[in-house]
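Enquirer: task: produce atomic coordinates for the following.
(chains A and B, ligands or ions: 2)
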Amino acid sequence: MTLNKLFSIFHLSWLVSHRNWTVYKKDFISNTSPTLADPALILVSLGLGLGGFIAEIQGMTYMQFLAPGLAVATALFTSFFESSYGFYVRMTYENVFKAMLTTPIGVLEIVVGELLWVGLKGALMAFGVAVVLACFGLMANLYLIPMAAVVGFLVAVPCGAIGLLATGLVHNINQFQSVYSFIIAPMFYLSGIFFPFEQISPVIRWLAEIFPLIHGVRLSQSIFWDQNILQTFAVSGSILVFQSLLVGYFSYRVIKKKLVS
Amino acid sequence: MSVLIKSDKVEKKFGSFQAVKSLDLVIKQGECFGLLGPNGAGKSTFIGLLYGTSLRTSGDLKVFGLDPSSSSHQIKKRLGVVTQDNALDESLTVFENLNLYCGFIGIEYGQRKKKIQDLLEYMNLSHKIDAKILSLSGGMKRRLVFVRALLNDPELLILDEPTTGLDPAVRHLLWGKVKELHKKGTTIMLTTHYMHEAEVLCDRLVIMDQGEIKAEGSPQKLIQNYGSGFVAIFASLIKEDLQSALTHFSDLSFKEESSGLYVRGPKLENLFLLQEKLKVSAMQIRPTNLEDVFLNHTGQGLSDDA
Ligand SMILES: Nc1ncnc2c1ncn2[C@@H]1O[C@H](COP(=O)(O)OP(=O)(O)OP(=O)(O)O)[C@@H](O)[C@H]1O
Ligand SMILES: [Mg+2]
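Expert: Residues are numbered from 1 along each chain as shown, chains lettered A, B, ... in the order given. Ligands and ions are numbered 1, 2, ... in the order given. So this is what the prediction gives:
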């Protein structure tokens, strides 16, 4: 019975994700290309430009150091924008959920479905970026490219949950800008993507550990550099799963308040 | 006959505003039930309570014997809803919209295409199967929402203002379909602002205002209770003449409305006599109808003691 119920929740959530995929794939090229182009741009400007001034960082070139972070950053941005602006528009302007809620779909399925969707989208994007980076010779072991998708998924879900949580709390669409400026951007700049995490002040490091990105960066570094993969997945992977459940639960609570009066 | 909806002192508050007040209602299997009331009366709010997109503040509510605040999943499997706003997914085509819903309600892959084609055919929309939502007219969108609501062969079909904003042809088409479904045994609950629609379709109705039920019964019975008879409507200009002429008729009542002067009485002859006396013909003389009953109960119309 309980297993049946779980299966039903998962099945219906999957259909909610599938709705987004149906829409997304209609404009596949124009939807995906910017997400892949951005990291390439950062790589060229920072990696080649700035990298010229940096002799070596933790025994590798600056490009090699930067690469893993770019793959997870893509997952972060993809999922956050999808679950904040994207979800908000679907909920408020496009009225997508109003009719869904007349069917056996409930708020739980909508939230799980959206998180599943951002997870899969994050996986796809991280994988795509990893392929591009691998072409630059920035992946130590090419067999590990598919693992980038796993990392993308694990990072995208908690980051998407942050976006959903924000959607449940904002009073209008402009307020996402604050969430971006005060949470997402700091996370992006202070999670050890651009310079070794250990060089940041301890207070900020301690704060950053609360957020998902640093754990994703560690996972990504382990697969890009082919170092300590199992150990990193056991620790950082578990933390990401825990964060996903925690933030996901709270996002469910606030979204429920928006969809059920 | 089994009871499909039982509402016992159901209340709904939004903050301090009470949208539904102590609503008692029973809807039985096979009925076509109408919920009438002015804008903001609480009709859509009550409908939301039935399938759990809105949670009641107090009272007891059962749909198919289940509580919608805890069992909405089971209830929604057996329900079809034509929502007040179409809420169609504009990013998807007609077919994609319906296919998505087939998934939600658990129609097997192999059967979806046929089911969709059949229902589109039924609503004269077959040619639009691959159209974008934005390319559909208002009437087509509404018919598509009907198709969406019928995909799971619902036992209970809820229609929230199904024909608002539609041309007479589409409205008659939809009435025909609703009657057919009703005949086949589908229980129907509908809200409407068209009294004629309620008279044509409903076996029984309630009139609600400000969250409360004001009257209940079959359309005929409601009209009877109000006083079956006739209404003459005169232009506002002749108010004084009319009032003095009315002193000669003890069985006629009078009420001034922004749309004209309404005179009501049980006998048609007296209204004609009134016309003769005034030497002015009425803009309209007609039998009392549900609209008079509605206006009376919602505090805007010709009142009984006027
Ligand atoms: N989520 C909400 N929060 C606050 N007030 C609400 C909410 N939903 C409805 N109301 C209020 O409850 C009252 C009843 O609204 P409802 O939509 O049920 O009316 P209705 O009878 O369907 O009207 P209409 O014929 O215009 O569709 C209105 O005054 C409305 O403003
Ligand atoms: Mg309404």
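
Enquirer: and the nearest residue to residue B:132 once chain neighbours are set aside, its phi and psi?
Expert: Leaving aside its sequence neighbours, residue B:132 sits nearest to residue B:93 (CB to CB, 6 or more residues apart in numbering or on different chains; 5.8 Å). No exception for glycine: its C-beta is placed from N, CA and C like everyone else's. Main-chain torsions, residue B:93, degrees, to the nearest 10: phi -80, psi 180.

Enquirer: report the secondary structure state of residue 55.
Expert: As the question left the chain open, I've gone with chain A. What DSSP: H, G, I helix; E, B strand; the rest coil gives for residue A:55 is coil.

Enquirer: how many other residues sit next to the residue nearest to residue B:132?
Expert: For residue B:93, the neighbour count with other CB atoms under 10 Å in any protein chain shown is 19.

Enquirer: repeat for residue A:3
Expert: 7.

Enquirer: which residues does the residue nearest to residue B:132 contact?
Expert: Contact partners of residue B:93, counting by CB atoms under 8 Å, 6 or more residues apart in numbering or on different chains, are B:129, B:130, B:131, B:132, B:133.

Enquirer: go with 10 Å
Expert: A:22, A:26, B:99, B:128, B:129, B:130, B:131, B:132, B:133, B:135 (CB atoms under 10 Å, 6 or more residues apart in numbering or on different chains).

Enquirer: flag the shaky bits of chain B, pLDDT-wise.
Expert: Applying pLDDT under 70 to chain B flags the ranges B:1, B:300-306.

Enquirer: would you map out the domains in it?
Expert: Following automatic domain parsing, chain B resolves into domains at B:3-222, B:228-287.

Enquirer: tell me the most buried of these?
Expert: Highest mean neighbour count among the domains of chain B (mean count of other CB atoms under 10 Å in any protein chain shown): domain B:3-222, with a mean of 18.

Enquirer: re earlier: adding distance to residue A:198 as columns, could you present the domains of chain B in TSV?
Expert: TSV is the format used below for these (distance: least, CB to CB, whole Å):
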stretch	distance to residue A:198
domain B:3-222	46
domain B:228-287	78
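
Enquirer: closest to residue A:144 out of those?
Expert: domain B:3-222 (35.2 Å; CB to CB).

Enquirer: hang on, the earlier thing: columns secondary structure and distance to ligand 1 on top of the contacts of residue B:93, output as JSON lines?
Expert: JSON lines is the format used below for the contacts of residue B:93 (DSSP: H, G, I helix; E, B strand; the rest coil; distance: CB to the nearest ligand atom, whole Å):
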{"residue": "A:22", "secondary structure": "helix", "distance to ligand 1": "30"}
{"residue": "A:26", "secondary structure": "helix", "distance to ligand 1": "33"}
{"residue": "B:99", "secondary structure": "helix", "distance to ligand 1": "30"}
{"residue": "B:128", "secondary structure": "helix", "distance to ligand 1": "27"}
{"residue": "B:129", "secondary structure": "coil", "distance to ligand 1": "31"}
{"residue": "B:130", "secondary structure": "coil", "distance to ligand 1": "32"}
{"residue": "B:131", "secondary structure": "coil", "distance to ligand 1": "28"}
{"residue": "B:132", "secondary structure": "strand", "distance to ligand 1": "27"}
{"residue": "B:133", "secondary structure": "helix", "distance to ligand 1": "22"}
{"residue": "B:135", "secondary structure": "helix", "distance to ligand 1": "27"}
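
Enquirer: for these, which one is nearest ligand 2?
Expert: Among the contacts of residue B:93, residue B:133 lies closest to ligand 2 (CB to the ion), at 21.8 Å.

Enquirer: measure the residue of chain A found nearest ligand 2 to residue A:181 for me?
Expert: Taking CB to the ion, ligand 2 has its nearest neighbour within chain A at residue A:98, 12.8 Å off. According to CB to CB, to the nearest Å, residue A:98 stands 31 Å off from residue A:181.

Enquirer: ok, the two, which is more surrounded?
Expert: Comparing residue A:98 with residue A:181 by other CB under 10 Å, the one with more neighbours is residue A:98, at 17 against 10.

Enquirer: these two touch, right, that one and residue B:54?
Expert: No. Between residue A:98 and residue B:54 there is no contact under CB atoms under 10 Å: 11.9 Å.

Enquirer: quick one: classify residue B:213 as helix, strand or coil.
Expert: Strictly by three-state DSSP, residue B:213 counts as strand.
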